[in-house]
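Participant: structure of the sequence below:
(one chain, ligands or ions: 2)
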Amino acid sequence: MLIRIRRDGFDEPSGSDITPRAAYLQRRAWLKALAGGAAGTALAGWAARDALAQSRPGKLAPLAAGKSTVAGAMTMEKTTDYADVTSYNNFYEFGTGKGDPARRAHAMKTQPWSVDVEGLVHKPGRIGLEDLLKLGAMEERIYRLRCVEGWSMVIPWIGYSLSALIQRVQPQGSARYVEFVTRMDEQAMPGLRTPGFDWPYTEALRLDEAMHPLTLLAFGMYGEVLPHQNGAPLRLVVPWKYGFKSIKSIVKLRFVEQQPRTLWQKIGADEYGFYSNVNPDVDHPRWSQATERRIGEDGLFSRKRKTLMFNGYEAQVGQLYAGMDLRKNY
Ligand SMILES: Nc1nc2c(c(=O)[nH]1)N[C@H]1C(S)=C(S)[C@@H](COP(=O)(O)O)O[C@H]1N2
Ligand SMILES: [Mo]
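Facilitator: Ligands and ions are numbered 1, 2, ... in the order given. The predicted structure follows:
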């Protein structure tokens, strides 16, 4: 039963950093909840995962893209299997189990879709998805995505630099940060009833981080539009930061002067700081960040990979943090 063992190893590797995070947050949530009735956290079974996993793209609408010329945008590493990328997800609005998004996210309505731009910009307002799709030239970029939980994937994303959208709305001189907000769909997202979370999911970047050419507004992956569980119809991908910064299913951008508090900071500021740059030298309070497991390579005989500073994008983004104490600004 080697396959059985491998699969068990995939979902809950011994000494895993994955399950403890969800379980720990869940425990915290339960402590905060006043009364009973808290939703359980049944992890999706492997049967359900297999039924939903697609071995290859081909079921969603194709999304054409040119090759990217942005420095650092084309990792040469082997891309992760589409089946893994679409069935092993964090999208807590649909539940804390890795299989929950693949099982449930199809219920989220993505049409019509628009993004509201608010705050310190000269051109605030609502932009429909059709217009967003035309705002920049679609590029394919092969980025690593590393989760704070200690796993990573290599994904061929499709989108354009977020800077194209930011330039369109013209930030005012006082704007220093951009806050992003995820859609709340009460019908489709049972995770919104998970106690202890301060929904909606929000994240934020400093304006210069948001303007960096590697910061991608993604609409697709593997030649197609994004599957719902990966953040359809549009999400952020910030390749040098832990995965949770790459907010999914965005409905709002707010330009502000003060540093916003993100969802994960509200839940545990001691564990999830504002910057969240991938940094092997700064351990998470409950585990090391020095290594990672590449999804698809793991299993009984797999070796952990060394995690790289800024997830391997140091040459491109290191100067954004020159002079900063990255232990303090984690
Ligand atoms: N709205 C929203 N965005 C989110 C999350 C989430 O729970 N909700 N999870 C984050 C985390 S922890 C990770 S690792 C990545 C995972 O993206 P993927 O499922 O496409 O691999 O999405 C991030 N974006
Ligand atoms: Mo994550």
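
Participant: need the contact list for Val282.
Facilitator: Val282 is in contact with 289, 326-327, 330, counting by C-beta atoms under 8 Å, 6 or more residues apart in numbering. Where C-beta positions appear, they are placed from N, C-alpha and C, glycine not excepted.

Participant: could you list the low-pLDDT ranges of the stretch 1-150 of the chain?
Facilitator: Flagging of the stretch 1-150 of the chain using pLDDT under 70 yields the residue ranges 1-55.

Participant: in it, what residue is nearest ligand 2?
Facilitator: Cys147 (3.4 Å; C-beta to the ion).

Participant: from Glu118, how far out is that residue?
Facilitator: 29 Å (C-beta to C-beta, to the nearest Å).

Participant: of the contacts of Val282, just the buried ones, PyMOL syntax please.
Facilitator: Typed into PyMOL, the next command selects the buried ones out of the contacts of Val282 (criterion: 16 or more other C-beta atoms under 10 Å):
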select buried, resi 289+330
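
Participant: which of the contacts of Val282 lies at the shortest distance from Gly72?
Facilitator: Checking the contacts of Val282 against Gly72 by C-beta to C-beta gives Leu326 as the nearest, at 19.3 Å.

Participant: for the closest one, list the residues it contacts.
Facilitator: 275, 277, 279, 281-282.

Participant: rewinding a little: who has more neighbours out of Cys147 and Glu118?
Facilitator: Cys147 (21 against 16; other C-beta atoms under 10 Å).

Participant: the more buried one reaches Lys245, doesn't it?
Facilitator: No - using C-beta atoms under 8 Å, Cys147 is not in contact with Lys245; the gap is 10.6 Å.

Participant: now the residue of the stretch 151-300 of the chain found nearest ligand 2: closest residue in space, sequence neighbours ignored.
Facilitator: Going by C-beta to the ion, ligand 2 is nearest to Gly243 of the stretch 151-300 of the chain, at 3.5 Å. The shortest distance from Gly243 to any non-neighbouring residue, by C-beta to C-beta, 6 or more residues apart in numbering, is to Cys147 (4.2 Å).

Participant: and Glu314, by the same measure?
Facilitator: Leu308 (7.4 Å).

Participant: out of the contacts of Leu326, which are buried?
Facilitator: 275, 277, 279, 282.

Participant: any chance of a markdown table for these, columns secondary structure, pLDDT and distance to ligand 2?
Facilitator: What follows is the buried ones among the contacts of Leu326, written out as a markdown table (DSSP: H, G, I helix; E, B strand; the rest coil; pLDDT from 0 to 100; distance: C-beta to the ion, whole Å):
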| residue | secondary structure | pLDDT | distance to ligand 2 |
| --- | --- | --- | --- |
| Tyr275 | coil | 98 | 15 |
| Asn277 | strand | 98 | 14 |
| Asn279 | coil | 98 | 15 |
| Val282 | coil | 97 | 16 |
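
Participant: which of the residues you listed lies closest to ligand 1?
Facilitator: Closest approach between the buried ones among the contacts of Leu326 and ligand 1, by C-beta to the nearest ligand atom: Asn277, at 14.5 Å.

Participant: enumerate every residue touching the nearest residue to Leu234 once chain neighbours are set aside.
Facilitator: In space, and not counting its chain neighbours, Leu234 is closest to Phe219: 5.2 Å by C-beta to C-beta, 6+ apart. Neighbouring residues of Phe219 by C-beta under 8 Å, 6+ apart: 63, 132-133, 138, 158-159, 225-226, 233-234.

Participant: repeat the analysis, applying 7 Å as the threshold.
Facilitator: 63, 133, 158-159, 225-226, 233-234 (C-beta atoms under 7 Å, 6 or more residues apart in numbering).
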